[in-house]
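Participant: sequence and predicted structure below; questions after.
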Amino acid sequence: MTQPDEVIASMHDPRLTDPRAELVDRTGLAEEDVDQVVRLMNALRGWHEAAERMSKASQRYMRLNETDMKALRYLIAAHNQQRLVTPGMLSAHLQISTASTTKLLDRLERGGHVTRAPHPTDRRALTVAVTDETRADARQTVGRQHAHRFRVAASMSREERDAAIRFLEALTATEQQD
C-alpha cells in the first residue's frame with residue numbers, strides 16, 4: 001500500500017505523472033539522473049513548504065498579513081540604509097494603490113508598527129518609519145531565520161552556490177515561458 005508521503009514524493013516523478021513523455025522529455029537521461037532530478041524537485045517542494053510555514057508563523061507572531069510583512073521588511077531595509085520612505089515609495093514597492101497604502105499604514109500605525117512624520121525637505125510629503133519595537137521583533141523572528149539560511153548558503157563552496165544560483169534563476173525564468 002502506498003503511503004501518503006510516497007504519493008506526494010511521486011508527484012514530481014515524470015515516469016509516473018507523464019509515462020508517455022508527452023510533456024517531460026527524458027531523452028538521454030539515465031534512470032539515476034531522473035531519480036536525482038525528482039529528489040531535487042522534492043527538496044525544492046520541501047523548502048517551499050518550510051518557507052511558507054516560517055512566513056505564516058512570523059505573520060501570526062506579529063499579527064500581520066503578508067502585505068504588512070512585506071511593507072515592514074521594506075521599511076526595515078530602508079532604515080538600515082538610512083533612507084527615508086514616503087507612502088508613494090511604499091505603494092510602488094508593494095504594487096498597490098495609494099488608497100490601499102493609506103489603509104495599510106493606518107492599520108500598521110494603530111498596531112504600533114510604524115510612525116508617520118513630516119518629510120524634512122518636502123512640506124507636502126510624509127515619511128514612514130518602522131518603530132524600534134517592531135524592528136526588534138522582526139529581527140528576532142524573520143532576521144533569525146534569515147541568519148540560519150545565510151549560514152547554510154555560506155557553508156557551500158562557490159561552485160555549489162553558482163550552480164544553485166543558475167538553477168534557481170533558470171527555474172524563475174520558467175514563469176515567462178508559458
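Facilitator: Received, thanks.

Participant: how about the strands in the protein?
Facilitator: Here the chain has its strands, by DSSP state E, at 114-118, 126-130.

Participant: quick one: the last one to strand 114-118, angle?
Facilitator: Okay, so that is strand 126-130. 150 degrees (axes from the mean of the first three to the mean of the last three C-alpha atoms, to 10 degrees).

Participant: how distant is strand 126-130 from the center of its chain?
Facilitator: Offset of strand 126-130 from its chain centre (C-alpha atoms, centre = their mean, to the nearest Å): 23 Å.

Participant: list the helices and strands it packs on?
Facilitator: Where contact means 3 or more C-beta pairs under 8 Å, 6 or more residues apart in numbering; DSSP states H and E, strand 126-130 is packed against helix 66-80, helix 87-94, strand 114-118. Every residue, glycine included, has its C-beta placed from N, CA and C.

Participant: looking at these, spot the one closest to D18.
Facilitator: For D18, the closest of the helices and strands packed on strand 126-130 is helix 66-80, at 32.9 Å, according to C-beta to C-beta.

Participant: now do that closest one, average pLDDT.
Facilitator: Averaged over helix 66-80, pLDDT sits at 93.

Participant: which residue is nearest the centroid of the chain?
Facilitator: A51 (7.4 Å; C-alpha atoms, centre = their mean).

Participant: what's the spacing between that residue and G112?
Facilitator: 27 Å (C-beta to C-beta, to the nearest Å).

Participant: likewise R161?
Facilitator: Distance from R161 to G112, by C-beta to C-beta: 39 Å.

Participant: those two: which is more packed in?
Facilitator: The residue with more neighbours, out of R161 and G112 and counting by other C-beta atoms under 10 Å, is R161; that gives 13 against 10.

Participant: shouldn't the more buried one be in contact with S155?
Facilitator: No. Using C-beta atoms under 8 Å, R161 is not in contact with S155; the gap is 9.8 Å.
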